[in-house]
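**Student:** my questions concern the predicted model and sequence given below.
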Amino acid sequence: MKISTWPGVTALAAAVIVGGATSATALGPTADQRLDGVIVVAGNTCTWTNAHTSANPPSALSVDRTTINTPGGNLGCNGSITATLNNNPAFTFDDAAGVARTDAIDITGKQSFISCRYKATNITWNRDGATRKYVNQAFTATKTSGSFLCPGSVTTAAGDASMLFH
């Protein structure tokens, strides 16, 4: 493992749960309470489809991690990175302001034999026009456990993560 690639792994660990998809649905009530996602970090792409949510936006909702993580979900990454979501993130929506907020994202990233766990709190997302796609504002995730090789924190730049509710 190259140490120079490790920051990409940890950034992925901080942000993988909140990816975006290539299409968007119209603003307003959605039908199937699902979330698709993709994120690209340091040349690695992670995706999932049809994660279950407890409600439709703009109602407050949570995302069921068991429908993202394998074997119940289909989260997969190319390259040598794997990721696991450790919590069920809660989202609130302010349609008038065009934003969504996440209480916390707790995720573990693994590359080879090195595992790093990170938690980010109070993440804000900007809605993409009149859709249910949201793009992240910059946020920092703090290491909660893992190898001494893991950085103490990682920052995900604005626009590096997105989510699409459908």
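**Tutor:** That came through, no problem.

**Student:** low pLDDT regions in the protein?
**Tutor:** Across the chain, the ranges flagged by pLDDT under 70 are 1-31, 38-44.

**Student:** which parts of it are helices?
**Tutor:** In chain order, the chain shows helices spanning 6-15, with DSSP state H as the criterion.

**Student:** what about the residue nearest to Arg127 when sequence neighbours are not counted, neighbour count?
**Tutor:** Spatially, and ignoring its direct neighbours in sequence, Arg127 is nearest to Gly98 (4.1 Å; C-beta to C-beta, 6 or more residues apart in numbering). Yep, even glycine has a C-beta here, placed from its N, CA and C like the rest. Burial measure for Gly98: 15 neighbouring residues, criterion other C-beta atoms under 10 Å.

**Student:** and Gly98, how far from Ala51?
**Tutor:** Counting by C-beta to C-beta, to the nearest Å, the gap from Gly98 to Ala51 is 22 Å.

**Student:** ok, Ser59 next?
**Tutor:** Ser59 sits 16 Å away from Ala51, going by C-beta to C-beta.

**Student:** the two - which one has more neighbours?
**Tutor:** Here Ser59 and Ala51 are compared on neighbour count by other C-beta under 10 Å; more neighbours surround Ala51, at 26 against 13.

**Student:** beta partners for the more buried one?
**Tutor:** Leu35 (DSSP bridges).

**Student:** right, and it touches Asp32 too?
**Tutor:** No. Counting by C-beta atoms under 8 Å, Asp32 is not a contact partner of Ala51; they are 11.1 Å apart.

**Student:** what distance do you get for the closest residue to Thr67 other than its chain neighbours to Ala104?
**Tutor:** For Thr67, the nearest residue in space outside its immediate sequence neighbours is His52; the separation is 4.3 Å by C-beta to C-beta, 6+ apart. Using C-beta to C-beta, one gets 18 Å for the distance from His52 to Ala104.

**Student:** between the two, which one's more packed in?
**Tutor:** Between His52 and Ala104, counted using other C-beta under 10 Å, the more crowded position is His52 (19 against 15).

**Student:** can you pull the contacts of the more buried one?
**Tutor:** The contact partners of His52, taken as C-beta atoms under 8 Å, 6 or more residues apart in numbering, are Gln33, Arg34, Leu35, Val63, Asp64, Thr67.
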